[in-house]
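>>> For reference, the sequence and a predicted model appear below.
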Amino acid sequence: MTRIQKVSTYLLAIFNLLLIILPLFVLILWVFMEYAPIKVAISEGLFFNPVHTPEGIVNLSTIQWTPLPRFTGLMASLVGLLPILLGLIVLKPVFRNYKTAEIFNAYNARHYKYLGWLFFLDALLTKPLSGMLMVLSVTLSNPPGHRFVQIGFGTPNMEELLCGVLVIVISWVMVEGYKLQEDQKFIV
């Protein structure tokens, strides 16, 4: 049990750090996208994947970014990051409970259920919206008639849906474990 408590303490610190670093990192990338070291890393696919548009694949390092497309790209990245941040916020109370050796309780099960629904919302809403905004951002500087808005749903979305189902089932198992633990408290 002490190992779970120790790891939970470390994970809580990591979660708090990630909640600050991830949005700042994305913001810094978009603000300094035109600078050579970041541009080289982007061209090699280190920070962003190429964007698939109806006209072909666009590498973000080849775009001449004006303020509106850059802002749209930043919003696309932040929308894509939102489920991760919300997931960390949902997991923090769970690991606080793990830190105090409260493993099977209704509170943790409820948070796992929230996490499962977060997977669903990510697959059905945020991934398509983020992709749509990214396609818009890379085509905003195109001449009229060559700007695109496209929304997609594919295999990564199905994976997220499956993960959501699995996490919701885990929340049901947690509820049953909590009920068994409560029943054992009353057995003499």
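Ah, there it is.
>>> As a check, name the ranges of all helices in this protein.
When secondary structure is read from DSSP state H, the chain shows helices at 2-31, 36-43, 67-99, 106-121, 127-139, 155-185.
>>> So for the chain, the centremost residue is which one?
Centre of the chain computed as the mean C-alpha position; nearest residue by C-alpha atoms, centre = their mean is Ile84, 2.8 Å away.
>>> and that one, how far is that from Gly152?
Using C-beta to C-beta, to the nearest Å, one obtains 20 Å as the distance from Ile84 to Gly152. The way it works is simple: take the backbone N, C-alpha and C, and place the C-beta from them, glycine included.
>>> again with Ile42
Separation of Ile42 from Gly152 (C-beta to C-beta) stands at 22 Å.
>>> of these two, who's got more company?
Residue environment comparison for Ile42 versus Gly152 gives the larger neighbour count to Ile42, 19 against 12, counting by other C-beta atoms under 10 Å.
>>> Excluding chain neighbours, give the residue nearest to the more buried one in space.
Beyond its immediate neighbours in the sequence, the residue positioned closest to Ile42 (C-beta to C-beta, 6 or more residues apart in numbering) is Ser61, lying 4.3 Å away.
>>> what sits against that neighbour?
Contact criterion C-beta atoms under 8 Å, 6 or more residues apart in numbering gives 39-40, 42-43 as the residues in contact with Ser61.
>>> among those, which ones are buried?
Ile42 (16 or more other C-beta atoms under 10 Å).
>>> List just the nearest of the contacts of Ser61 to Ser171.
Ile42 (38.4 Å; C-beta to C-beta).
>>> can I get the helices of the chain in JSON lines with mean pLDDT and distance to Gly145?
Putting these into JSON lines (pLDDT from 0 to 100; distance: least, C-beta to C-beta, whole Å) gives the following:
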{"stretch": "helix 2-31", "mean pLDDT": "93", "distance to Gly145": "27"}
{"stretch": "helix 36-43", "mean pLDDT": "79", "distance to Gly145": "27"}
{"stretch": "helix 67-99", "mean pLDDT": "93", "distance to Gly145": "17"}
{"stretch": "helix 106-121", "mean pLDDT": "90", "distance to Gly145": "34"}
{"stretch": "helix 127-139", "mean pLDDT": "88", "distance to Gly145": "11"}
{"stretch": "helix 155-185", "mean pLDDT": "85", "distance to Gly145": "29"}
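>>> Make sure Ala109 is actually in contact with Val175.
Yes: using C-beta atoms under 8 Å as the test, Ala109 is close enough to Val175 to be in contact (4.5 Å).
>>> These two: who's more crowded?
Regarding Ala109 and Val175, a neighbour count based on other C-beta under 10 Å identifies Ala109 as having more, with 21 against 18.
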